[in-house]
Every structure is written in C-alpha cells, then in structure tokens.
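S.K.: sequence first, then the predicted structure, then my questions.
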Amino acid sequence: MKLWEKNVRQVTPYVPGEQPRLPDMIKLNTNESPYPPAPGVKKALDAMAGDTLRLYPDPACDSLVTALADYYHVKKEQVFVGVGSDDVLSMAFLTFFNSSRPVLFPDITYSFYDVWAKVYGIPYVQKPLREDLTIDPEDYKEENGGIVFPNPNAPTGILLPPEAVEDIVRSNPGSVVIVDEAYIDFGGTSALPLIEKYDNLLVVQTFSKSRSMAGMRIGYAMGSEALIRHMVSVKESVNSYTMNTPSLLAGVAAVEDDAYFRDCCHKIITTRERVKKELKALGFSFGDSMSNFLFVTHKDCPARELFEALRQKHIFVRYFDRPRIDDYLRITVGTDAEMDALTGFLQEYLSGRKETD
Ligand SMILES: *Cc1c(COP(=O)(O)O)cnc(C)c1O
C-alpha cells in the first residue's frame, strides 16, 4: 500500500443493473418505463435556444420546484429536487443521518442504502424482512439514528399499507424517516399527505420509472419546510448547480401532462395484472407487487438458470446473487408485446425442460 492510500476513502460501490444496447433486446432489468416521455418533453428540448446552455442553470431550480409544488399541492419550501432520486437520497443521508445511533433499513431492499451509509460513515442495522418478504413495522421502534425504506419495497414490489407507514413515522419523532416512493405511482398510496402532520417525514420520488425519464436524471423529495431547508443547506455546501437546464425544462414539461402520465401508469398496471396470472399458470409464485416489476420464483426451475436462458435470447431481467433472494428474478413490466415474448419463451423453455427430466 502506498503511504497516501491509507487516507483514501475506501468504498465498495453500488452495482447497477447492466445496460446492454442491442437492437433486438427486450430490456426488463432496470425498471424503466417501456413508454416514451410525455410529448411535451421533446418539444421543450427542441425549443432550447440562445443562452439556454451558455448560462448557469437556476441553482434554486425554481421552475421545476414550482411545477412539483403545484402538482402535489404543497409549498415550494416543501420541495427539494436533485439529479435522480439517488442524488436526493444521498443528500438526505448526508443531511439527516448524523447520529451515533444506527440507521435502520430492511435486509432485503434497495442496495444503495448500505453503500451510502458506508461512504458517509453512518452506523446502520438491517432489519430482516419476515419470511413472506414483508416489512414488520415493529422492527422500526427501537432506538435509531434514522429510518429509510422503499414503499413499495424493492426488489420485492410489496407495499406497506399507509397505516403501517404512519405507525413507523409516529413512533420515531426523534429521527427522520425517509420513505423512498420510487414505485408509488403504480397503485400504492403515497405517504405524502402525512408530511403536513409529521415534520420528521421525508417522501422521495423520481421521474425515472413512472414518468419515463430515467435518462434525464430527476428526483425530488417532499417534507416539512424545516427538513427541506436543512437539505438545501447541505446541497449548497457540496454543489449548488446539481440540476442542468435541459433536465429542468424537461421535468416541467413532464409534470404538466398529467393525462399522459396517468395513462402510462394505467397501461403498466393493466399489463402487470395480466402477467401475474400468466406467470402463476406457469408455476411461478410471488408477493403481490404494486410496482412496475414482478419478483418471482419458480417451483422447479432455479432462477439463475432462467436468467441465463433468457439472457441468451436477449431478454434481460435482474438476478441478485444474495442470501434469501438468490432463487428470484426481478422482471420489469414492459409493453404487452414484450411481456408476451417473455411468457412465450418461458412457457416453451419450462415445458422443454420437463420433457428432458
Ligand atoms: C430506481 C430506484 C431509485 C433511483 O432512481 P433514480 O433513477 O436515481 O431516480 C431509488 N430508489 C429505489 C428503490 C429505486 O428502485
């Protein structure tokens, strides 16, 4: 080891799902929307001209903050925006998780949480999900330095009922509770109304899944004015210009087209419910996903084998080689045609496998 290396911040980074770019691929591995962004997004980007890119963006991101505040009926002072919800969550960890007591989150959850905890030196304890992969709210009532969980949880897709979310927030007036609602638009009930009642609740959402804009990198948080003020102070101590101008323009255009947004979510939910029935008939079992993905295990065929077989056909799904979930596949809900290709292949593969048994 070089002398200087002992002072390096040693990290094991988060590993995102692979991002293949094959012309014939069916990409169901990173929970993107199969539908394009709202038509107004392209118009807004085409209309960029003159000084749009030459000048620094608005550090307060006022246009996007205002659009989101109007849409969700909250004050501008209750909205924080960032470069994807990963940026927002990372800022929230840095701002609020600053105690010697451990931050609590599930053992099976978004795998960025422990990475941020480690890079920021935050102590943490992972609470095991129940056998059926649901969160037990009772686990989040011991002394802690903060709480974070996705709702619906990832990669299980299972929703914690709103009463249970409120129970956790109410039981922890001494810590900030972050609810990561990356998938809430696919049928869950948001904890957002609770921010008026509990000043320790931060609700985080993203444009990456339900608003079809993963490539744009826009996320946001909503909470009490005090929480947002603290986050802004930390952000402005790290980098004032996190959001670029095209993202701000595109974000506003996306929020303005509510009908398109609702239609995309509705289509994905309809496809999901249909595919649930088909996968069940093929011998898969799973929790009741309320997200834009299904987390499935098969009664006979190992998940890893299916993952490899699908991959050979350029159908990409996500496989996690981790304790408790290494026999599951996480499958993003794509278009009807994409899902038909998936179930068609699975049917053929599983029946061929039975014959050779
Ligand atoms: C996808 C995802 C995020 C991050 O999304 P961004 O693209 O950074 O907005 C955060 N949390 C969970 C649970 C996710 O699945």
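M.R.: Nice, thanks for sending it over.
S.K.: format the CA atom coordinates belonging to the helix or strand harbouring residue 305 as CSV.
M.R.: Here residue 305 sits within helix 303-312, counting by DSSP states H and E. Extracted in CSV, the C-alpha atoms of helix 303-312 (Å, rounded to 0.1, in the frame of the first residue of the first chain):
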residue,chain,number,x,y,z
ALA,A,303,-33.8,-18.6,-11.1
ARG,A,304,-30.2,-18.4,-12.1
GLU,A,305,-30.9,-21.0,-14.9
LEU,A,306,-33.8,-19.0,-16.2
PHE,A,307,-31.9,-15.8,-16.0
GLU,A,308,-29.1,-17.2,-18.2
ALA,A,309,-31.6,-18.8,-20.7
LEU,A,310,-33.5,-15.5,-21.0
ARG,A,311,-30.3,-13.6,-21.5
GLN,A,312,-29.2,-15.9,-24.4
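S.K.: what is the neighbour count of residue 95?
M.R.: For residue 95, the neighbour count with other CB atoms under 10 Å is 20. Any C-beta I mention is one placed from the backbone N, CA and C, and that applies to glycine too.
S.K.: what of residue 198?
M.R.: Residue 198 is flanked by 17 other residues according to other CB under 10 Å.
S.K.: swap in residue 54?
M.R.: Per other CB under 10 Å, the neighbour tally for residue 54 reads 7.
S.K.: list the buried residues in the helix holding residue 305.
M.R.: 303, 306, 307, 309, 310, 311 (16 or more other CB atoms under 10 Å).
S.K.: could you do stretch 204-223 as well?
M.R.: Buried-residue list, stretch 204-223, by 16+ other CB under 10 Å: 204-214, 216-223.
S.K.: contact partners of the helix or strand just after the helix holding residue 305?
M.R.: Sequence-wise, the next helix or strand downstream of helix 303-312 (DSSP H and E) is strand 315-316. Residues from elsewhere that reach strand 315-316 (CB atoms under 8 Å, 6 or more residues apart in numbering): 18, 20, 25, 26, 27, 28, 29, 310, 341, 342, 345.
S.K.: from the ligand, how far out is the first one?
M.R.: With distances taken as CB to the nearest ligand atom, to the nearest Å, residue 18 is found 15 Å from the ligand.
S.K.: please verify my assumption that that residue contacts residue 29.
M.R.: Yes. Counting by CB atoms under 8 Å, residue 18 touches residue 29, with 6.8 Å between them.
S.K.: the two: which has the busier surroundings?
M.R.: The neighbour comparison of residue 18 against residue 29 (other CB under 10 Å) goes to residue 29, with 25 against 11.
S.K.: and the nearest residue to that one once chain neighbours are set aside, how far from residue 17?
M.R.: Distance criterion CB to CB, 6 or more residues apart in numbering; nearest residue to residue 29, sequence neighbours excluded, is residue 316 at 4.2 Å. Per CB to CB, to the nearest Å, residue 316 is found 8 Å from residue 17.
S.K.: just to revisit the earlier point, the residue nearest to residue 29: neighbour count?
M.R.: When neighbours are defined as other CB under 10 Å, residue 316 has 21 of them.
S.K.: in the sheet, who's paired with it?
M.R.: Per DSSP bridges, residues listed as beta-bridge partners of residue 316: residue 27.
S.K.: from residue 296, how far off is it?
M.R.: Using CB to CB, we find residue 316 at a distance of 15 Å from residue 296.
S.K.: residue 224 too?
M.R.: Where residue 296 is concerned, residue 224 sits at a distance of 38 Å (CB to CB).
S.K.: who has more neighbours, those two?
M.R.: Neighbours were counted for residue 224 and for residue 296 using other CB under 10 Å; residue 296 has more, 26 against 20.
S.K.: so what secondary structure elements neighbour the helix or strand residue 231 falls within?
M.R.: Residue 231 belongs to helix 225-238 when elements are defined using DSSP H and E. Counting contacts by 3 or more CB pairs under 8 Å, 6 or more residues apart in numbering; DSSP states H and E, helix 225-238 packs against strand 79-82, helix 84-96, strand 219-222.
S.K.: how far out from the middle of the chain is the lowest-mean-pLDDT helix or strand in the chain?
M.R.: For the chain, the helix or strand with the lowest mean confidence is helix 336-356, at a mean of 94 (criterion: mean pLDDT, DSSP states H and E). Helix 336-356 sits 28 Å away from the centroid of its parent chain (CA atoms, centre = their mean, to the nearest Å).
S.K.: go on, stretch 104-122?
M.R.: In terms of CA atoms, centre = their mean, the centre of stretch 104-122 is found 14 Å from the chain centre.
S.K.: return the set of buried residues in it.
M.R.: 104-106, 108-110, 112-117, 119, 122.
S.K.: and the end-to-end length of it?
M.R.: 11 Å (CA to CA, to the nearest Å).
S.K.: likewise for stretch 131-146?
M.R.: End-to-end distance of stretch 131-146 (CA to CA): 24 Å.
S.K.: tell me which residues of that stretch come out buried.
M.R.: Of the residues in stretch 131-146, those buried (16+ other CB under 10 Å) are 133, 134, 135, 137, 139, 140, 144, 145, 146.
S.K.: quick check: domain ranges of the protein?
M.R.: Segmentation of the chain into domains, based on automatic domain parsing, reads 3-36+259-356, 39-257.
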